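J.: okay, structure incoming, though there's no sequence with it:
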């Protein structure tokens, strides 16, 4: 039976709203029914968020921390509900969906800790004799109502990276989940309102809206909302920024992550991590391994091991605990992915394994003989495809990684610290991962990109800084 979600605005159930069916990307069956918000709901949510912010900014940090820990407990108590929603709506293998729920709990716990750490600094202002007796203090204040827009691939955890810091900082937030995967957001709203009943928290501090792109743009341009935090495609993200007016913006956008494999690397480990990083959730991760550059002397050995590992992956039903690679989100995306592979082959590339699809299931694919201008190299494929290419000099490999409009994260495998620090200085990305794949992310680290990959940083502490602003109070002690 399909889950029937309900929409709340300031905890009031909106009667008479039409429902939209969400179908499984794997089976095509209806897995949930969600209420779509209309223009009146959008206006009500904004008013609710504005009103709640006036109260939320006054909530003591200890109470905000208590709320966030209650939310963590509520999510983990319903962990299987969240995991099944994610697996059913997104097509994410159930094991990965369960891991996502666990990570969401960590993000909420980190947010609770950061709620108690928001401080400021003491600044000496007596840099001239005329300013003797003067000093300043700073304090960070919440920006105001936040708009958080999240994608389909991590429907709960990426939401927590917006909701958790917003609440920790004393903001209210409107959460607009992806149209294909809104279930986790609606489940979280239930957890939130249950927690609010036990604490002195304004219930309008969180509103969840499933809305059309047109209404989402209306929210983006609404000056009553003071901060936009968006995770999604580069095309949409930069377009929304242009419509955001004077509000502050954080964009976590796409990539086509590169990995450099040095001849001194632990090949067994590097192969296993590249397979994990390239094919988890069918490659639908913005830091998924896409381009692998291998030092010439180990190239043949590496790709032999890589292909063998890839061919052992099980493709199929995301609700089967043994499945490694589930479907991509739509059949249109599956057709696009295999179309890019075919186009690369026509231009001289070679498929070493995979390359075909059945409906939304795309075979895990390894492609060699690629050129930088092929779409599978220069665009974000967002599918279970990796390319392999040999290199001679370390600097050449760094140049290949940088030959991209994107710059989110990159990975290198080497035991040579000189090589590692050279890469750190030269690779044009927001994060460089040494002896692991770019797909690695710990939820407390600063996370974000350069170039077309976005602006600003997430990671709870850093998101709190983005969602607050420092105010200065300067003292002249000679007048007291």
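T.: It's in. Being a predicted model, the structure only gives us computed values, none of them experimental. Numbering: from 1, shown residues only.

J.: same question for the host helix or strand of residue 277: list its buried residues.
T.: Assessed by DSSP states H and E, residue 277 sits inside helix 267-279. For helix 267-279, the neighbour count (16 or more other CB atoms under 10 Å) marks 267, 270-271, 273-279 as buried. (C-beta placed from N, C-alpha, C; glycine too.)

J.: buried residues in the helix or strand following that helix, which are they?
T.: For helix 267-279, the following helix or strand on the C-terminal side (DSSP H and E) is strand 291-295. With burial defined by 16+ other CB under 10 Å, the residues of strand 291-295 counted as buried are 291-295.

J.: and what of stretch 345-356?
T.: Buried, per 16+ other CB under 10 Å, within stretch 345-356: 345, 349, 351-355.

J.: mind checking the SS state of residue 411?
T.: strand (DSSP: H, G, I helix; E, B strand; the rest coil).

J.: any idea what it is bridged to?
T.: residue 259, residue 433 (DSSP bridges).

J.: ok, which stretches of the stretch 301-450 of the chain are helices?
T.: Under the criterion DSSP state H, counting those that start in this stretch, the stretch 301-450 of the chain contains helices at 331-346, 375-378, 394-402, 417-426.

J.: re the thing from before, chain center to the helix holding residue 277: distance?
T.: 21 Å (CA atoms, centre = their mean, to the nearest Å).

J.: got a pLDDT number for residue 13?
T.: If you check residue 13, the pLDDT there is 57.

J.: could you do residue 1 as well?
T.: Per the predicted model, pLDDT is 60 at residue 1.

J.: next one: residue 10
T.: 69.

J.: lowest average confidence, helix or strand, in this structure?
T.: strand 12-13 (a mean of 60; mean pLDDT, DSSP states H and E).

J.: how far out from the middle of the chain is the longest helix along the chain?
T.: Determined from DSSP state H, the single longest helix within the chain is helix 94-115. Centre-to-centre, helix 94-115 and its host chain are 13 Å apart (CA atoms, centre = their mean).

J.: cool, and stretch 93-104?
T.: 14 Å.

J.: quick one, domains of this structure?
T.: 3-253+454-472, 258-442 (automatic domain parsing).

J.: list the contacts for the spatially most central residue of the chain?
T.: Centroid-nearest residue in the chain: residue 158, 4.7 Å away (criterion: CA atoms, centre = their mean). Shown in contact with residue 158 (CB atoms under 8 Å, 6 or more residues apart in numbering): 150-151, 231.

J.: cool, residue 394 as well?
T.: 260, 262, 419, 422-423.

J.: which elements pack onto the strand or helix carrying residue 461?
T.: For residue 461, the host element (DSSP H and E) is helix 460-466. On a contact count with 3 or more CB pairs under 8 Å, 6 or more residues apart in numbering; DSSP states H and E, helix 460-466 meets helix 94-115, helix 157-169, strand 227-231, strand 248-252.

J.: name every strand pairing with the helix or strand just after that helix and say which way it goes.
T.: Sequence-wise, the next helix or strand downstream of helix 460-466 (DSSP H and E) is strand 468-476. Looking at strand 468-476 with DSSP bridges, its partner strands are strand 134-142 (antiparallel).

J.: would you reformat the domains of the chain as a markdown table and include distance to residue 478?
T.: Formatted as a markdown table, those follow (distance: least, CB to CB, whole Å):
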| stretch | distance to residue 478 |
| --- | --- |
| domain 3-253+454-472 | 4 |
| domain 258-442 | 46 |
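
J.: look up the closest residue to residue 451, ignoring the ones flanking it.
T.: In space, residue 451 comes closest to residue 407 once its chain neighbours are excluded; the distance is 4.1 Å by CB to CB, 6 or more residues apart in numbering.

J.: the one you found and residue 453 touch, don't they?
T.: Yes. Counting by CB atoms under 8 Å, residue 453 is a contact partner of residue 407 at 5.0 Å.
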